[in-house]
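Q: whatever this is, show me its structure:
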Amino acid sequence: SELSWPGVQRRIQDTLGVDLSATRVTYKDDEGDVVTVNSEEELAEALRLASAAGDPAILRLTLLKKATPPPTPPLSPRTADEAGPRAAPSAPGAASTADLNFLLNTLAFEFPMVAPIVQRLKNRVAQARGAPVPDEPLGP
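A: Numbering: from 1, shown residues only. Okay, here's the model as predicted:
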């Protein structure tokens, strides 16, 4: 029988009881890249690659939990023009803590391979501000 993307989604939900809104369906393409399947066209490409790889055609789909984006800091309802010149922070770096944390959390979310580096950087910033920091593992 012919496979369809809605049919695959239904089969995953019925068989595994997985919430697809919190899951990514992926496969490895012919170059070894992980590709996410979200549509009929993407499923057709995955099936074409599986057919070209050999007989019998085998398509291995992987389910990955979608990452939760980092929390965003609340935005001020005033624009920069309304707020006027920015006041100097009372302590060094105090005004930029939320911005720095947002940046670092976004980096770790968008680029998981740098998450350990981001965590070490966050620890160093906290240490520079006098906060206790957990021991870091040795390594690059």
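Q: tell me where this protein has strands.
A: Here the chain has its strands, by DSSP state E, at 23-28, 34-37, 62-65.
Q: point out the most buried one among the ones you listed.
A: For the strands of the chain, the largest average neighbour count (mean count of other CB atoms under 10 Å) is found in strand 23-28, namely a mean of 17. Just so you know, the C-beta spots here come from the backbone N, C-alpha and C atoms, and that holds for glycine as well.
Q: and for residue 66, the neighbour number?
A: 12 (other CB atoms under 10 Å).
Q: now do the same contact list for it.
A: 22, 23, 24 (CB atoms under 8 Å, 6 or more residues apart in numbering).
Q: check residue 58 too.
A: With contact taken as CB under 8 Å, 6+ apart, residue 58 is in contact with residue 50.
Q: now it: how far from residue 27?
A: For residue 58, the distance to residue 27 equals 10 Å [CB to CB, to the nearest Å].
Q: what's the answer for residue 52, then?
A: In terms of CB to CB, residue 52 sits 13 Å off from residue 27.
Q: residue 7 now?
A: Per CB to CB, residue 7 is found 16 Å from residue 27.
Q: was I right about residue 8 contacting residue 18?
A: No. Between residue 8 and residue 18 there is no contact under CB atoms under 8 Å: 11.8 Å.
Q: just want to know which of these two has more residues nearby.
A: Neighbours were counted for residue 8 and for residue 18 using other CB under 10 Å; residue 8 has more, 18 against 15.
Q: who touches the closest residue to residue 27 other than its chain neighbours in this structure?
A: Spatial nearest neighbour of residue 27, excluding adjacent residues (CB to CB, 6 or more residues apart in numbering): residue 46 at 5.1 Å. Going by CB under 8 Å, 6+ apart, residue 46 touches 27, 29, 35, 37, 59, 61.
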